[in-house]
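Undergrad: Give me coordinates for this.
(one chain, ligands or ions: 1)
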Amino acid sequence: MSKFPKGFLWGGATAANQCEGGWQADGKGIGVPDTMTGGTVSTPRMFYKEIRPDIYYPSHESIDMYHRYLDDIKLFGEMGFKCYRLSINWTRLFPNGDELEPNPKGVAFYRSIFEALKAEGITPLVTLSHYEFPYNLCLKWNGWADRRTIDCFVRYAETCFKEYGDIVKLWLTFNEINMGLMDHIGLFSTGVMPEQEPCVAISFGGEESHAHKQTRYRALHNQFVASAKVVQLAHAMDPEFKIGCMIAGSCVYPLTCNPDDILAAQREMYKGNYYCGDVMVRGAYGAMAKRILKEEQIDLDIQPGDEEILKKGTVDFYSFSYYSSNCATGAPQEAEATGNLSVGAKNPYLKASDWGWTIDPKGLRYYCNELYNRYQKPLFIVENGLGAADVLEEDKSVHDSYRIDYMRQHMEQMAEAIEDGVELMGYTCWGCIDLVSAGTGEMKKRYGMIYVDKNNDGSGTLDRYRKDSFYWYKKVIASNGEDL
Ligand code: BG6
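TA: Next comes the predicted model:
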């Protein structure tokens, strides 16, 4: 008998800016990712204030899902998806972010997607903001640093609830909201303009003035307020709506049993997860958040009424991405990237992907238990997967047994977590169809079970091909996780 509950939501996940393309189609405005160049594992993505005609921007065409979504959704249906996590691109509905009425063509586009999903019997899980922040609001108001952005977001969310609420019942407010604490440049996560440009587009370290850091923290606070307002609005509009937070899973171990390492890991776990989780699930900043803010000399500029809003706008479930784990040490040590958001010490027991992200299936079980025991809210794994350089064979097959191994091992640990008592709603693997990497802007870093013929330089037919993992995942879903 399967250990996964009946109705478990198996599926895949994408983000509009990483798959749609059509960056100016039908009146779409410019989003932050549209300003970011391509990079590689060793060359960072860059940001220039003006979009330059001599530079290739990967989001502008991406995998052209804007024109191919019907065929792509059929492939998801063929795999047996129960759920598809996608984001709505804010700038398709409100091109500048601050209009009072939405763009009808943008509204119609997502309507058509949701109708197609319904026809396939696939439940949509919608992220309202997956790094798709309107660039106009960065230039005009310094992004989330300005509280007027809160009203714009609430208006946008209300439009989505009104237009699609008959089909969409599961919503997430912000993708990986904790990125706002870690991305020192700030643009990608909080829409806060960098201190200088051109600059590296995303960075988890480096020089930053105290004023800029404080602006980022305040911007994140404004996002919390916006999220809580939207949660309240959603509950008032439709009692069937379920709203989740989405936090980048930052699973941290102490490097050794040295008490200094234990304390370092505890602080990293807190900063990486609970700083945001406590606000969104419990409705208030936790005790350690206050110490962190004090040490970093940050004044959040909390306005009268904010605390009440946060208290009343707590989420219904906790969703997260999980790719890797990380080690913390109290001793000064050269840090290196070990995951999507993590910079820490290398775990000698674990191997890493070609992009240096450690592979730790058991960490997923540990992490699920940590979250569930802290919050007692249902969990949803909305991103997990292996970024790898796949090879399209002459006969158009792709033999990605490494991806199958990665996913199988993580699913085995999910089953263990369920046995431990964790309430798990579903699993949507990341980039179920190959798409542009957020971190590096590459096509080469592929996560999909559907191969897309597109290369880092933008060349390729954009044709889709089923990988070996496609057939394997179909079998997993059909057996509700029994046949791994
Ligand atoms: C998560 C993001 O951090 O990781 C996705 O929510 C992203 O947008 C995914 O694509 C994988 O990261 P990357 O850098 O390999 O694309």
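Undergrad: use CA for all of it now, contacts and neighbours both
TA: Fine.
Undergrad: what about the closest residue to residue 460 other than its chain neighbours, how many residues close to it?
TA: Nearest residue to residue 460, sequence neighbours excluded (C-alpha to C-alpha, 6 or more residues apart in numbering): residue 454, at 4.2 Å. Per other C-alpha atoms under 10 Å, the neighbour tally for residue 454 reads 21.
Undergrad: I'd like to know how far residue 454 sits from residue 432.
TA: With distances taken as C-alpha to C-alpha, to the nearest Å, residue 454 is found 15 Å from residue 432.
Undergrad: Then residue 146?
TA: In terms of C-alpha to C-alpha, residue 146 sits 35 Å off from residue 432.
Undergrad: My guess is residue 188 contacts residue 33. True?
TA: Yes. Using C-alpha atoms under 8 Å, residue 188 is in contact with residue 33, at 7.3 Å.
Undergrad: shared neighbours of those two, anything?
TA: Counting by C-alpha atoms under 8 Å, 6 or more residues apart in numbering, the common neighbours of residue 188 and residue 33 are residue 131.
Undergrad: so where is this protein shaky, pLDDT-wise?
TA: Along the chain, segments meeting pLDDT under 70 span 332-343.
Undergrad: repeat that for 90
TA: Filtered on pLDDT under 90, the chain yields the residue ranges 1-2, 204-207, 330-346.
Undergrad: What residues does it have near the ligand?
TA: 340, 387, 437-440 (C-alpha under 6 Å from any ligand atom).
Undergrad: Switch these over to JSON lines; also include distance to residue 220, neighbour count and secondary structure.
TA: Shown next, in JSON lines, are the residues of the chain next to the ligand (distance: C-alpha to C-alpha, whole Å; neighbours: other C-alpha atoms under 10 Å; DSSP: H, G, I helix; E, B strand; the rest coil):
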{"residue": "340", "distance to residue 220": "19", "neighbour count": "22", "secondary structure": "coil"}
{"residue": "387", "distance to residue 220": "28", "neighbour count": "21", "secondary structure": "coil"}
{"residue": "437", "distance to residue 220": "24", "neighbour count": "23", "secondary structure": "coil"}
{"residue": "438", "distance to residue 220": "20", "neighbour count": "23", "secondary structure": "coil"}
{"residue": "439", "distance to residue 220": "20", "neighbour count": "18", "secondary structure": "coil"}
{"residue": "440", "distance to residue 220": "23", "neighbour count": "23", "secondary structure": "coil"}
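Undergrad: Which parts of the stretch 151-300 of the chain are strands?
TA: Taking DSSP state E, counting those that start in this stretch as the criterion, the stretch 151-300 of the chain carries its strands at 170-174, 199-200, 242-248, 251-254.
Undergrad: contacting residues around the first one?
TA: So the one you mean is strand 170-174. For strand 170-174, contacts defined as C-alpha under 8 Å, 6+ apart pick out 124-130, 227, 230, 241-246.
Undergrad: Kindly indicate which of the residues you listed lies nearest residue 382.
TA: Nearest to residue 382, judged by C-alpha to C-alpha, of the contacts of strand 170-174 is residue 246 at 8.2 Å.
Undergrad: Many thanks, I have nothing further to ask.
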